[in-house]
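S.K.: Coordinates for the following, if possible.
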Amino acid sequence: MERRFDGYLKQWNTERGFGFIAADVGGQELFVHISAFVRDGQLPMAGERLSFEIDLDRNGKKCAVRVRRPDARPTVGADAARRSVPRLHKTTEPTGLFGKLISLALVAALAWYGYSHYAARAAKYDSAWPAPPVLPALVPSAKLLLPADFKCDGRSQCSQMTSCREATLFLQNCPGMTMDGNGDGVPCEQQWCN
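M.R.: Below is the predicted model of the structure:
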């Protein structure tokens, strides 16, 4: 069992949370940290009477630990300490089936609201673009009409083409094309004509 000493709080720095206790016996001043006090919701005040034990800190110096206020009324357990600390705000949670139904309704309303705005924007986006034309290139037997300025200029691979129509024109009208790997008459199926 540790030996307890009596004294008073000679000096206290509230901002930094530490101070010094002057012991009644010997007048020695001991360092004390806020963590050494019982958590009862009261801040230490210079001049108040205290009871404490002495221990060594990590540097080997004596300090006050397990500090009590002899004049304070005793508290029972952690519940008393929590009751004495004022609460800044009270938190309430919906309880029971009614509260859960309200929460579920709010989540469903938010989901519906978000989806309706998403669908409206998607429809607006889709209507801004014209529907893609059905290209004859998807039908191997159909021949595309040659534009007046068309000529075979040496391009023979899909990576050199800019559209499915252009690749189909080159495949149907230029010799030595390597754009129809499976021989079905549809060129560049992975890049352009899918």
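
S.K.: Now do the contacts for His33.
M.R.: Each residue near His33 by C-beta atoms under 8 Å, 6 or more residues apart in numbering is listed here: Gly17, Phe18, Cys63. Every residue, glycine included, has its C-beta placed from N, CA and C.

S.K.: Mind giving me the PyMOL select for those, buried ones only?
M.R.: Those of the contacts of His33 that count as buried under 16 or more other C-beta atoms under 10 Å are selected in PyMOL with:
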select buried, resi 18+63
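
S.K.: Return the item of the contacts of His33 having minimum pLDDT.
M.R.: In terms of pLDDT, the lowest of these is Gly17, showing 88.

S.K.: pretty sure that one contacts Ile34?
M.R.: Yes - using C-beta atoms under 8 Å, Gly17 is in contact with Ile34, at 3.8 Å.

S.K.: Phi, psi for the residue nearest the centre of the chain please.
M.R.: For the chain, Val107 is the residue whose C-alpha lies nearest the centre (C-alpha atoms, centre = their mean; 19.7 Å). Main-chain torsions, Val107, degrees, to the nearest 10: phi -60, psi -40.

S.K.: low-scoring pLDDT stretches of the protein, where are they?
M.R.: 1, 72-95, 125-145 (pLDDT under 70).

S.K.: quick one on the thing from earlier: and the residue nearest to the centre of the chain, how far is that from His117?
M.R.: Separation of Val107 from His117 (C-beta to C-beta, to the nearest Å): 16 Å.

S.K.: Could you do Leu50 as well?
M.R.: Distance, Leu50 to His117, by C-beta to C-beta: 64 Å.

S.K.: Number of residues surrounding Cys124?
M.R.: No Cys there; residue 124 is Lys. By other C-beta atoms under 10 Å, 9 other residues sit near Lys124.

S.K.: What separation is there between the residue nearest to the centre of the chain and Tyr113?
M.R.: Applying C-beta to C-beta, the value for Val107 to Tyr113 is 11 Å.

S.K.: same check, this time on Gly26
M.R.: According to C-beta to C-beta, Gly26 and Tyr113 sit 73 Å apart.

S.K.: Check Cys164 too.
M.R.: Separation of Cys164 from Tyr113 (C-beta to C-beta) stands at 40 Å.

S.K.: And for Asp149?
M.R.: Using C-beta to C-beta, one obtains 53 Å as the distance from Asp149 to Tyr113.

S.K.: Kindly report the same for Ile21.
M.R.: 62 Å.

S.K.: In three-state terms, label the spatially most distant residue from the centre of the chain for me.
M.R.: Centroid-distance maximum for the chain: Ala148 at 59.6 Å, with C-alpha atoms, centre = their mean. Counting by DSSP: H, G, I helix; E, B strand; the rest coil, the backbone at Ala148 sits in coil.
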